[in-house]
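Asks: The following comprises the amino acid sequence and a computationally predicted model.
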Amino acid sequence: MSNGLDISKAIEIAPGIFWVGFADPGAGFHCNPYILNDGDETVFLDPGSVPHFPIVLGKVVKVADLKNIRYIVAHHQDPDLCSAIPRFEELVTGVGGELRICTHTRASVLINHYGTRSDFYRVDANDWKLTLKSGRTLRFIFTPFLHFPGAFMTYDEQSKILFSSDIFGGLSFDWNLYANEHYAEAMKAFHENYMPSNRIIRHAMDKLDGLDISMIAPQHGSIIRKEEVRRYIDILKNLECGEDLF
Amino acid sequence: MSSYKDLVNVVIKRELGILGVERMRGVLEALNIPVNEAGHCLKEKCGMEDLDQLMQELSSRYGAVAVMGCRIAVGRLAREANLELPKILMS
C-alpha cells in the first residue's frame, strides 16, 4: 500500500491515465511507467526494464488492450525505461497491433541496440508534438542534457499532466506514489548525482513558466500534485549539481 | 562556519527523504543519536567519527544508494567549512 493506495494494481492518476509501475520495497530507485488511453489509441510512456516486465505487463493488460498501444514514448534511451520495449513490441504485434516509438533522434540510434523493430516517431522531426486520432495533443518539451543530450518531457494538453522523465525524479526507499513532505530531499539527491549543472536545469525549468500543470509524473520517484508544482520547480531552479560542484 | 554537527544534520535531513522516517529513526536509535521532532541532532558536539559511524550504518543497512544520496550535499558543506570527510564520503 502507498498512502492507502493498492500499488499491487494499476492506479488511475487522472481519467484514462494509469501508473503501471513496480513498487519494489527493497530498492532505492523506482521506475514509473504510465499508460494513457485515448479512445482506441493507447500511449505507453517509459515502459520499463526487463526485470520489471512481468509485473508491468500484468498491470497494463488490466487497463489497456495491447493491440491499441499505438505509441511508446521513450524519453531517453536508458535501460530502466527502454529495455522492455522489444518484449512489448512482440506482444503488441503478435495481436495485430502496430506501434511506433516516440523519441528524439539522438536516442533512437541507441534504442535500436535493444533490438527494437518498430518505426520511430522522431519528436524533433515532428514539430515536438504528437496528435492522436481524437485530436488530443501531446507536446514534447526538449530538455537537452537532463541527463541525456536528447532528453525531453511530455505534456498532455488534455489532462495537463507533465510526464517529466528523469526530471523531478527521486532516490527513495520510502517510496510513495504521491510525494510526501520529505520528497524534496529525495529529489535533490537524485538530481545532484545525475544532472549536469544548475544552468542546464534552469534552462529546462524556464520552459515550464506559464504552463498550466495539473501534476508532474516523473519516471523515478513520486508524483507531484498541482499545489506543489511551482515549489518543486523553484527548488530545481536553485539546485547546484554536476559541474557546479567542481 | 559549519561544524560536523551541521554535516550530521544534513545527512539526517536528506535521509529522511530517501529512507523515510521509520528507517532513519532505526539508524539513529542504533547509534544513540538523539534528535528532536524536526530531526535535528541534539548531541552537544559531533566529530568526524560521529559522521563516519552514521554513514557506515547507512551503508551497511541500505547500501550505496543511501550513501550516494547525501555524499554531494555533505561534501559541499564540508568543503565550504574546510572540514575533512571520512573515507566513505570521499570520491
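Replies: Good, I have the coordinates. Quick caveat: nothing in here was measured; it's all calculated off a predicted structure.

Asks: Measure how buried A:Arg117 is and give me the count.
Replies: A total of 12 residues lie near A:Arg117 under the criterion other Cβ atoms under 10 Å in any protein chain shown. C-beta here means a position set from N, CA and C on the backbone, and glycine is covered the same way.

Asks: Can you tell me the element the most centrally placed residue in chain B falls in?
Replies: Centroid-nearest residue in chain B: B:Val11, 3.2 Å away (criterion: Cα atoms, centre = their mean). Under the criterion of DSSP states H and E, B:Val11 resides in helix B:4-18.

Asks: Check which residues of the following helix or strand past that helix are buried.
Replies: As assigned by DSSP H and E, the chain's next helix or strand after helix B:4-18 is helix B:21-30. Neighbour counts over helix B:21-30 (16 or more other Cβ atoms under 10 Å in any protein chain shown) mark B:Arg23, B:Met24, B:Val27, B:Leu28 as buried.

Asks: next one: stretch A:168-179
Replies: For stretch A:168-179, by 16+ other Cβ under 10 Å, it's A:Phe168, A:Gly169, A:Gly170, A:Leu171, A:Ser172, A:Phe173, A:Asp174, A:Trp175, A:Asn176, A:Leu177, A:Tyr178, A:Ala179.

Asks: before we move on, the earlier item: show me the contacts for the residue nearest to the centre of chain B.
Replies: B:Val11 makes contact with B:Leu51, B:Leu54, B:Met55, B:Leu58, B:Cys70, B:Val74 under the criterion Cβ atoms under 8 Å, 6 or more residues apart in numbering or on different chains.

Asks: Look up which helix or strand the first one falls in, please.
Replies: Using DSSP H and E, B:Leu51 maps to helix B:48-81.

Asks: Show me what that helix packs onto, helices and strands only.
Replies: helix A:183-194, helix B:4-18, helix B:21-30 (3 or more Cβ pairs under 8 Å, 6 or more residues apart in numbering or on different chains; DSSP states H and E).

Asks: could those helices be laid out in CSV, adding distance to A:His147?
Replies: CSV is the format used below for the helices and strands packed on helix B:48-81 (distance: least, Cβ to Cβ, whole Å):
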stretch, distance to A:His147
helix A:183-194, 5
helix B:4-18, 19
helix B:21-30, 27
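
Asks: So which of those helices is nearest A:Asn37?
Replies: Each of the helices and strands packed on helix B:48-81 has some distance to A:Asn37 by Cβ to Cβ; the shortest is helix A:183-194, at 27.4 Å.

Asks: quick check: angle from the closest one to helix B:4-18?
Replies: Interaxial angle of helix A:183-194 relative to helix B:4-18 (axes from the mean of the first three to the mean of the last three Cα atoms, to 10 degrees): 100 degrees.

Asks: what about helix A:183-194, distance to the chain center?
Replies: 17 Å (Cα atoms, centre = their mean, to the nearest Å).

Asks: Alongside chain B, which residues does chain A contribute?
Replies: Within chain A, the positions near chain B by Cβ under 8 Å from any Cβ of the partner chain are A:28-29, A:170-174, A:182-190, A:192-193, A:240-241, A:245.

Asks: Throw together a ChimeraX command that grabs the buried residues out of those.
Replies: Only the buried entries of these go into this ChimeraX selection, using 16+ other Cβ under 10 Å:
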select /A:28,29,170,171,172,173,174,182,183,184,185,186,187,188,189,190,192,193,240,241
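
Asks: coming back round to it: now, which of the buried residues of helix B:21-30 sits nearest chain A?
Replies: The closest of these to chain A turns out to be B:Arg23 (Cβ to the nearest Cβ; 6.3 Å).

Asks: how much space is there between the closest one and B:Ala66?
Replies: Noted for B:Arg23: a distance of 9 Å to B:Ala66, by Cβ to Cβ, to the nearest Å.

Asks: Look up the closest residue to A:Asp212, ignoring the ones flanking it.
Replies: A:Lys160 (5.3 Å; Cβ to Cβ, 6 or more residues apart in numbering or on different chains).

Asks: residue contacts, that neighbour?
Replies: Contact analysis of A:Lys160 by Cβ under 8 Å, 6+ apart lists A:Asp212, A:Ile213, A:Ser214, A:Met215.

Asks: and B:Asp6, how far is that from B:Leu89?
Replies: For B:Asp6 relative to B:Leu89 (Cβ to Cβ), the value is 14 Å.

Asks: Just the helices from chain A, written as ranges.
Replies: All helices of chain A, identified by DSSP state H, fall at A:53-63, A:79-82, A:85-94, A:105-111, A:183-194, A:198-206, A:229-237.

Asks: which of the ones you listed sits most buried?
Replies: helix A:183-194 (a mean of 24; mean count of other Cβ atoms under 10 Å in any protein chain shown).

Asks: For that one, give the mean pLDDT please.
Replies: The predicted model assigns helix A:183-194 a mean pLDDT of 96.

Asks: quick one: contacts of it?
Replies: Counting by Cβ under 8 Å, 6+ apart, A:147, A:166-172, A:174, A:176, A:201, A:220-222, A:224, A:232, A:235-236, A:239-241, A:245, B:13-18, B:68-70, B:72-73 sit against helix A:183-194.
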